[in-house]
Structures are given as C-alpha cells and as structure tokens.
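> Predicted model follows, preceded by the sequence.
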Amino acid sequence: MRKSLPYMAGLSLILIVLNACAPQKPALQHIQDAGVLHVLTRNAATTYFTGPHGAEGFEYDLVKAFADHLGVTLKISTEDNLNNMLAKVQEGDVDFAAAGLTVTSEREKTLRFSDSYQSITQQLVYNRSIPRPKTMDDAIEGMMEVIANSSHVEKLKELKVKHPRLSWDENEDAGTTELLMLVAENLIDFTIADSNEVLLTRRFHPKLRVAFNISKPQKLAWAFSKTGDNSLYLEANKFLASYKKSGELAQLIKRHYEHASKYDYAGTSYYLGHVRYRLPRYQEFFERAGEINDLDWQLLAAIAYQESHWNPRAVSPTGVRGIMMLTNATAKDLGIKDRTIPEESIKGGSKYIRQLYEKFSDDLNDKDRLWFTLASYNVGFGHLQDARIITKNNGGNPDKWVDVKESLPLLQRKRWYKKTRFGYARGSEPVKYVENIRSYYDILHWHLAKESNPTEKMAYVSPAL
C-alpha cells in the first residue's frame with residue numbers, strides 16, 4: 001500500500017528533528033573517525049613549501065607531528081591572504097590554521113589560539129644603500145609596504161599614536177618574502193617582517209638590514225574557530241606541552257633556524273658572484289657526478305664551494321687539493337689519478353660522499369643521515385661515530401644531528417677524546433661546515449630557480465640525497 005504524501009512529509013520532518021536532536025561528535029572524534037586532519041597554512045620559508053622530495057617547512061613538520069600523534073593523515077591547504085585565512089578558520093572550513101600566526105588581542109576576539117610554540121619580534125627592514133633608521137620617525141619619509149591585515153598593521157597603528165606622520169601601504173597580494181625582495185631591490189624603502197622570516201631570507205639578499213625591533217617578543221600559535229567544541233584545541237595543547245617537555249620542539253626549531261643564524265651574511269654577494277661567473281665552468285661535471293651517484297648536483301656544488309670556492313688549484317695546509325679537496329690517499333682509493341683536474345676531483349668527491357652515506361643506517365631520518373654524511377666528509381667517519389657514542393652516553397639521541405653536533409666539539413677536549421676510539425679531532429669545524437653547506441645550498445637553489453622562473457615565488461629548500 002502506497003503511503004500518502006502528507007504521511008511521507010511528516011515522516012521526513014520527524015527524521016530531521018531527530019537528527020537535529022542527536023548529539024554531535026566532538027571535533028577530535030570526528031577527525032579520528034574520518035582519519036584526516038585538515039590544516040590551513042601559507043607558502044613561506046618558515047611555514048610550508050614543496051622541496052625536492054616533498055613538503056617541508058617548520059610549521060609543516062610541527063603539524064605533521066601532531067597528525068601522527070592523532071594517528072591520522074595530514075591534509076594541507078594554503079591561503080596567502082591573511083583575511084581569507086582567518087575567515088576560513090572562523091567559518092570552520094578547516095580544522096585550524098598553522099601559519100606562523102602572531103597572537104594579538106584583536107585576533108583573540110574572533111579566534112581561539114593554542115599555547116605558543118615559538119616567539120618572534122617584528123623588525124623594521126631596510127636596504128643598506130640608505131642610512132640606517134634609528135627611530136620610526138626616520139622611516140616617515142620613505143615608502144613602506146606591509147602585508148594587509150597582518151599583525152604588522154596592528155603594531156603600526158599602535159606606533160602611529162606616538163608617530164602621527166607614520167604611513168604605510170597594505171599589500172594584499174605579496175607575502176613577506178616578496179616584500180623583503182622589494183626592499184632588497186630598492187623598489188620600496190621599508191617593510192615590517194617577523195624575525196624568523198628575516199633570518200632565513202637575509203641569506204638570499206645581502207643588501208637587507210634590520211634597523212631595529214618594533215615590538216617586544218610575540219607568541220606564535222595555531223588558530224582555531226571559537227564555535228563548536230574545544231576537544232581538538234585541548235588535544236593540540238596537550239600535544240604541544242608534551243612536545244616541548246620531550247625536547248623535540250627545541251630540536252625542531254634548531255634544525256630549521258640555527259644554521260641560518262650562524263651564516264655570514266656579508267659573504268652572500270661574494271658567493272653569488274662565484275655562482276654567476278665561476279660555477280658555469282664546472283656545472284656540467286657536478287650534474288654528471290650527481291646523476292652517476294644519485295646525488296643532488298646543487299648539493300655537490302655547495303660542498304665544493306665550502307671546500308675550495310670552486311678553485312681547482314686550492315691547497316690546504318694539510319695537503320688536500322682540488323675542488324673537492326681530496327687527500328692523496330683518498331684519491332687513490334677512489335681511482336682518481338689527478339685530483340687537481342676539476343672533473344676528476346668532482347667525480348671522486350661525489351663517489352666518496354655516496355660511500356659515506358651508505359655507511360649510515362637506512363633507519364635514520366633522511367636529513368640527519370645527510371648531515372652525518374657531510375660532517376664525516378669533513379672530520380672523518382670514525383670521529384663522527386665517536387661523537388654519536390658521546391651523545392648517547394650523555395643522554396642525547398645519537399641518531400639526531402641536532403644532538404650530535406653538540407657533542408662534536410667535545411672531541412677537542414682531552415677528558416672526552418681520550419675515551420674515544422679515534423681520539424682528538426677539531427670537532428667544532430664539522431658543525432660550522434654543515435651549517436655553511438646548508439646555507440650555500442639554499443642560496444644556490446633559490447638563485448637558480450629565480451633565474452629560471454623570475455615571476456615565481458621562491459622559498460628556501462633543504463637538500464636531500
């Protein structure tokens with residue numbers, strides 16, 4: 001028997017009412033049941049970008065650790081317009097935003113922020129071709145552009161009370177990287193940027209200078225919607241507290257920023273000059289050696305620059321020679337007859353790097369394995385292993401570069417090296433060696449990508465084997 005139309009309509013209404021009255025799953029349970037955590041971020045060196053072997057960036061690594069903690073897959077979306085980003089979070093289009101967002105009183109009116117995981121200061125950045133501003137009044141006559149709807153705008157509005165002639169333009173299309181580039185190219189006079197972004201970007205633009213901080217230290221945090229339950233928010237805070245307590249957060253910050261903090265910015269112009277005029281003579285050799293040994297040729301070039309500044313006649317006080325600075329014994333073992341011939345030196349050095357890499361376990365994190373390899377190329381595999389043993393004995397993780405590099409300098413101290421198998425070593429050198437190569441690689445990759453695609457947004461990347 002067919003049901004009447006009024007009967008069916010009534011049944012539908014009852015079902016709708018019952019569904020509306022049914023208890024909703026907490027946000028955390030919903031994510032775990034679905035198996036996906038949807039996070040919004042932005043493309044930048046400090047947040048998220050695609051490197052040679054996939055997704056990278058400090059924010060990405062941190063939120064990926066949180067997704068792993070939840071046992072779910074991470075889904076990343078990007079939004080470079082801050083207004084749109086915050087609106088999507090408020091409307092619940094994503095689970096939260098992890099985008100290097102500064103916690104401000106204005107933002108807290110509409111968003112719920114997690115506990116902080118990092119602090120930054122806002123900085124006034126200028127080009128060294130003009131006199132250094134000493135106060136905000138010195139920046140009044142210049143052209144300043146900042147990111148629209150950013151915490152930088154909020155701070156400038158505060159400063160305008162004391163500096164009423166202060167003015168700026170808000171750019172809705174450009175991110176921090178682009179604005180810093182405009183300053184470097186003298187297209188604008190000033191911008192405001194967070195200290196962590198300035199730290200990474202200055203290596204690519206040697207003309208950039210920091211005038212002064214315009215803020216006290218400010219907290220970065222993840223942003224959640226204030227609507228709905230707070231189960232995901234509470235779990236995020238629980239995770240961040242545990243991540244801090246374990247020391248993993250400190251390690252992550254060191255891994256992403258420490259090498260840049262120790263880079264000699266003044267050397268960038270000199271290096272880029274060699275990239276333009278010296279590297280082309282040897283690029284084909286690096287590319288061929290990289291292909292043969294399954295290595296990134298730009299990484300090989302960065303290593304060679306650290307070794308010899310791409311000078312085939314380079315000689316060290318200890319007798320190592322050539323572009324890759326091979327010892328005579330190592331060259332013979334590798335079948336290299338003349339280490340002063342650029343092609344031969346690059347071929348031998350690349351083969352040796354691959355051999356060192358294979359000595360380390362496949363179970364190591366790819367990046368840690370790479371940094372161990374580079375350190376071994378400088379100080380020797382045996383000394384690196386000694387440092388790993390010291391690290392373990394001191395309660396550190398012998399499989400993490402950020403821990404082992406703290407132990408390497410101990411090889412210079414008798415109380416430590418006398419207990420090791422291979423004895424004394426200048427352990428501070430491989431630490432600086434690895435840091436320099438990482439920056440040389442970042443700058444080289446950025447420069448070559450910029451030359452190939454001048455209109456593309458460029459983020460720094462980390463090398464991988």
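Sure thing, it's come through. This structure is a prediction, so every number in the text was calculated from the model and none was measured. Numbers count the residues shown, from 1 in each chain.
> Low-confidence ranges, this structure, go.
Applying pLDDT under 70 to the chain flags residues 1-23, 50-54, 317-318, 453-465.
> can you list the domains in it?
25-118+222-260, 122-215, 267-451 (automatic domain parsing).
> what about the strands in the protein?
For the chain, the strands defined by DSSP state E cover 36-41, 49-51, 54-56, 73-78, 96-102, 111-113, 118-120, 122-127, 145-147, 169-171, 190-194, 208-213, 218-225.
> And those: which comes nearest Asp338?
strand 49-51 (36.0 Å; C-beta to C-beta). In short, each C-beta sits where N, CA and C put it, glycine included.
> Switch the domains of the chain over to CSV; also include mean neighbour count.
Putting the domains of the chain into CSV (neighbours: other C-beta atoms under 10 Å) gives the following:
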stretch, mean neighbour count
domain 25-118+222-260, 18
domain 122-215, 18
domain 267-451, 19
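> Tyr265 touches Phe204, doesn't it?
No: with contacts counted by C-beta atoms under 8 Å, Tyr265 stays clear of Phe204, the gap being 9.9 Å.
> what's the overlap in contacts for these two?
Listed as contacting both Tyr265 and Phe204 by C-beta atoms under 8 Å, 6 or more residues apart in numbering is no residue at all.
> Which parts of the stretch 251-400 of the chain are helices?
In the stretch 251-400 of the chain, the segments counted as helices under DSSP state H, counting those that start in this stretch are 268-277, 283-293, 297-308, 328-333, 342-359, 366-379, 381-393.
> elements contacting the last one?
When you say that, I think you mean helix 381-393. helix 366-379, helix 401-407 (3 or more C-beta pairs under 8 Å, 6 or more residues apart in numbering; DSSP states H and E).
> So what touches it?
Counting by C-beta under 8 Å, 6+ apart, 356, 359, 372, 375-376, 397-399, 403-404, 406-408, 410-411, 416-417, 420-422, 425, 427, 430 sit against helix 381-393.
> With the longest one instead?
By C-beta under 8 Å, 6+ apart, the surrounding residues in contact with helix 342-359 are 281-282, 285-286, 288-290, 292-295, 300, 303-304, 307, 312, 321-326, 330-331, 334-339, 369-370, 373-374, 376-377, 381, 465.
> What of stretch 241-250?
Leu62, Ala65, Asp115, Tyr117, Leu240.
> Among the residues you listed, which lie within helices?
Leu62, Ala65, Leu240 (DSSP state H).
> Which one of these is nearest to Gly142?
Using C-beta to C-beta, the ones in helices among the contacts of stretch 241-250 come closest to Gly142 at Leu62, 35.8 Å.
> That closest one reaches Ala99, doesn't it?
No: at 11.3 Å, Leu62 and Ala99 do not qualify as touching, with contact defined as C-beta under 8 Å.
> With Glu258 as the reference, measure out to His233.
In this structure residue 233 is Tyr, not His. To Glu258, Tyr233 is 30 Å away according to C-beta to C-beta, to the nearest Å.
> Ok, Gly349 next?
26 Å.
> One more: Leu166?
Distance, Leu166 to Glu258, using C-beta to C-beta: 35 Å.
> can you put the ones in helices among the contacts of stretch 241-250 in a markdown table and add distance to Ala449?
Below are those laid out as a markdown table (distance: C-beta to C-beta, whole Å):
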| residue | distance to Ala449 |
| --- | --- |
| Leu62 | 25 |
| Ala65 | 28 |
| Leu240 | 33 |
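> and which of those residues is nearest Glu197?
Looking across these and measuring by C-beta to C-beta, the closest to Glu197 is Leu62, at 15.9 Å.
> ok now do that closest one, which residues does it touch?
With C-beta under 8 Å, 6+ apart, Leu62 has these contacts: Ala98, Tyr117, Tyr243, Leu249, Leu252.
> and what of Phe96?
Val39, Leu40, Val89, Ser114, Trp222, Ala223, Phe224, Ser225, Leu232, Tyr233, Ala236.
> Tell me what it is bridged to.
Listed by DSSP bridges, the beta-bridge partners for Phe96 are Val39.
> now Ala314, nearest residue through space, not along the chain?
Leaving out its chain neighbours, the residue that sits closest to Ala314 by C-beta to C-beta, 6 or more residues apart in numbering is Ser308, at 3.7 Å.
> for that neighbour, what are its contacts?
Per C-beta under 8 Å, 6+ apart, neighbours of Ser308: Ala314, Gly322, Ile323, Met324, Met325.
> Output those in a markdown table; the columns should cover distance to Gln218.
Shown next, in a markdown table, are these (distance: C-beta to C-beta, whole Å):
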| residue | distance to Gln218 |
| --- | --- |
| Ala314 | 45 |
| Gly322 | 49 |
| Ile323 | 45 |
| Met324 | 45 |
| Met325 | 44 |
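> which of these lies closest to Gly57?
Distances from Gly57 to these, taken by C-beta to C-beta, are shortest for Met324, at 31.0 Å.
> Quick check: the closest one vs Arg339, distance?
Met324 is 8 Å from Arg339, by C-beta to C-beta.
> just Gln123 next, same as before
Gln123 is 46 Å from Arg339, by C-beta to C-beta.
> So Ser119 sits against Lys219, correct?
Yes: applying C-beta under 8 Å as the test, Ser119 and Lys219 come out as touching, 5.8 Å apart.
> Give me the more crowded residue out of the two.
Using other C-beta atoms under 10 Å, the more surrounded residue of Ser119 and Lys219 is Lys219, with 16 against 13.
> which non-adjacent residue is nearest the more buried one?
In space, Lys219 is closest to Ser116, 3.6 Å off (C-beta to C-beta, 6+ apart).
> just checking, that neighbour touches Leu101?
No: using C-beta under 8 Å, Ser116 makes no contact with Leu101, being 10.5 Å away.
> Return every residue with contacts to both of these two.
Leu220, Ala221.
> check contacts around Glu258.
Val402, Glu435.
> and the gap between it and Ala250?
10 Å.
> again, but for Asn394
For Asn394 relative to Ala250 (C-beta to C-beta), the value is 16 Å.
> Check Arg339 too.
41 Å.
> for Asp93, same thing?
Counting by C-beta to C-beta, the gap from Asp93 to Ala250 is 33 Å.
> Phe66 is in contact with Lys238, isn't it?
No: Phe66 is beyond contact range of Lys238, at 10.2 Å (criterion: C-beta under 8 Å).
> so what's Gly322 closest to, chain neighbours aside?
For Gly322, the closest residue by C-beta to C-beta, 6+ apart turns out to be Ser345, at 3.7 Å.
> ok, now Met136?
Using C-beta to C-beta, 6+ apart, the nearest residue to Met136 is His163, at 4.7 Å.
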